[in-house]
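Undergrad: got a predicted model here, sequence first, then my questions.
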Amino acid sequence: MKHLVIHLLCCLPVCLAYPLEGAAKENSEMDLVQQYLENYYNLAKDMKQSLRRKDSSPIVKKIQEMQRFLGLKVTGKLDSDTMEAIHKPRCGVPDVGHFTTFPGSPKWKKTHLTYRIVDYTRDLSRAAVDAAIEKALKVWAEVSPLTFSRVHAGEADIMISFAVREHGDFIPFDGPGNVLAHAYSPGQGIYGDAHFDDDEQWTEDTSGINLFLVAAHELGHSLGLFHSSNPEALMYSLYQPPTDIRRFRLSQDDVTGIQSLYGPPPVSPNEPVMPPESNPPAPKFPVMCDPDLSFDAVTTLRGEILFFKDRYFWRRIHWNHRPEFHFISTFWPSLPSELDAACEVASKDTVFIFKGNKFWATRGNKIQVGYPRSIRSLGFPPTVKKIDAAMSYQKEKKTYFFVEDKYWRFDENRQIMEQGFPRLIAKDFPGVEPKIDAVLEAFGFFYFFSGSSQFEFDPKAKMVTHMLKSNSWLHC
């Protein structure tokens, strides 16, 4: 039973009256705290009297451990924020730091898995349950090589069911309002299965318990993931649905976790791998060697070159003749699609990405804290609503921003927009068409992308030296 891990989402009744009134109420609260620390932070069961005295060093350390994991102020005291967190709905698996896997890192030894919905809830139509489970699996399929197909009979890798009370696995459900569901880590038999308490009120929105969100979390466990200390992660231990379920996206922490087990999605030179669907629509994706291909943004990244288009990007790596093709969300789940501009400031090991009036800072595949920010923080006037293209020129320690027929220049050393700007593109970059989609500095030249055309510009001679196709960088 070493790798058998039960996942219980526990909804604890909210009771936050301070100060506590009466010995009975205090005893109830202390019992709750003791149970919480025993279940999730490995508190020894013989520490009960020490907990009531609230003066024991081991108890203080356990409270501090909990506060640290949940992102609370670390006081070692049962303050109001700590008690509020204890009362929140959460998962019953013990808490651990960052993304992690079950002990021994069990995972499926294959990448195509089957699932079967054995029983249904009474709260939703069968079609709604089918859609929620399919969507939950798709969340993980989009960022890994895993694919899923549904079977309607026999044994599947992941058996999904709704049940009440005792349901055959010695872990009975307890009625409405407490345990929501539990799941098992990858393996044979009951391993990998997910069970949902049908005494809960399952919904498609957040008026009750959102089935998609709980299923996505539970199926993360079925695939081998444990818990994360990142509050933004789906695998965070507290149940906290977003305000808009329709805009749900995996955090980078979740992506890193699943890819630590199974790796990234497979790469095709011509198209991204789409998760299987019962009736998949005809895929619409850019074709690398289309003579009319244009780019939304282009940037370097640690010696690579990235070419963004719609929801995708090509990744040109110097040692690989064939560019890789990925979903943007595979590397940066929180970034929007159809970007406006991107540029790398190599001295900061940072790529800045622009969409509308906001921009993000990334290092590798990690979005930096404090972003997105408004482009006005860079010094742009309110009349500038978006950036068309951006380029960092490391020789000058300047970053160029192109907007319609003008450009601005930002001083990276002083971190200010330079005086005397904007200036006309046509005046300082003669021969370059003013509608610029993207720009790249390489080999001492500036490469301006405009539609399917590309202008190679020599900044010393102040002239266009070559006209190329935009996708010439992709060996077309």
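TA: Nice, I can see it.

Undergrad: use CA for all of it now, contacts and neighbours both
TA: Fine.

Undergrad: where does this structure have low pLDDT?
TA: Along the chain, the model assigns pLDDT under 70 to residues 1-27, 39-40, 45-57, 89, 91-104, 267-284, 319-321.

Undergrad: tell me where it has helices.
TA: 23-41, 48-53, 57-70, 80-87, 126-141, 211-222, 252-262, 328-331, 425-428 (DSSP state H).

Undergrad: out of these, which comes closest to residue 475?
TA: Nearest to residue 475, of all the helices of the chain, is helix 328-331, at 21.2 Å by C-alpha to C-alpha.

Undergrad: just to revisit the earlier point, want to try TSV for the helices of the chain, with mean neighbour count and distance to residue 285 as columns?
TA: Formatted as TSV, those follow (neighbours: other C-alpha atoms under 10 Å; distance: least, C-alpha to C-alpha, whole Å):
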stretch	mean neighbour count	distance to residue 285
helix 23-41	15	45
helix 48-53	14	59
helix 57-70	19	40
helix 80-87	17	44
helix 126-141	18	18
helix 211-222	25	26
helix 252-262	21	23
helix 328-331	20	13
helix 425-428	15	32
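
Undergrad: now distance to residue 202 too, for these, in TSV please.
TA: Below are these laid out as TSV (distance: least, C-alpha to C-alpha, whole Å):
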stretch	distance to residue 202
helix 23-41	25
helix 48-53	36
helix 57-70	26
helix 80-87	21
helix 126-141	9
helix 211-222	6
helix 252-262	24
helix 328-331	28
helix 425-428	57
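
Undergrad: out of the ones you listed, which gets nearest to residue 362?
TA: For the helices of the chain, proximity to residue 362 was assessed by C-alpha to C-alpha; helix 328-331 is nearest, at 10.5 Å.

Undergrad: number of nearby residues for the residue lying closest to residue 367 once chain neighbours are set aside?
TA: Take residue 367 and drop its neighbours on the chain: the residue closest to it by C-alpha to C-alpha, 6 or more residues apart in numbering is residue 361, 5.9 Å away. Neighbour count of residue 361, defined by other C-alpha atoms under 10 Å: 22.

Undergrad: show the contacting residues for residue 361.
TA: For residue 361, the contact set (C-alpha atoms under 8 Å, 6 or more residues apart in numbering) comprises 350-353, 367-368, 371-372.

Undergrad: now rank those by neighbours and give me the top one.
TA: Busiest of the contacts of residue 361 [other C-alpha under 10 Å] is residue 353, holding 25 neighbours.

Undergrad: surely that residue is in contact with residue 360?
TA: Yes. Under the criterion of C-alpha atoms under 8 Å, residue 353 makes contact with residue 360 at 5.1 Å.

Undergrad: could I get the contacts of residue 361 in TSV, plus columns for distance to residue 80?
TA: Compiled in TSV, the contacts of residue 361 are given as follows (distance: C-alpha to C-alpha, whole Å):
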residue	distance to residue 80
350	39
351	40
352	39
353	40
367	32
368	30
371	30
372	31
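
Undergrad: among these, which are in strands?
TA: With strands defined by DSSP state E, the entries of the contacts of residue 361 inside them are 350-353, 367.

Undergrad: got those as JSON lines, with distance to residue 377 columns?
TA: Converted to JSON lines, the ones in strands among the contacts of residue 361 look like this (distance: C-alpha to C-alpha, whole Å):
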{"residue": "350", "distance to residue 377": "17"}
{"residue": "351", "distance to residue 377": "17"}
{"residue": "352", "distance to residue 377": "13"}
{"residue": "353", "distance to residue 377": "14"}
{"residue": "367", "distance to residue 377": "18"}
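
Undergrad: and the end-to-end length of stretch 367-382?
TA: In stretch 367-382, first residue to last residue: 25 Å (C-alpha to C-alpha, to the nearest Å).

Undergrad: do the same with stretch 394-407
TA: Stretch 394-407 end-to-end distance (C-alpha to C-alpha) = 17 Å.

Undergrad: ok, residue 395 to residue 299 distance?
TA: To residue 299, residue 395 is 16 Å away according to C-alpha to C-alpha.

Undergrad: same question, residue 365
TA: 14 Å.
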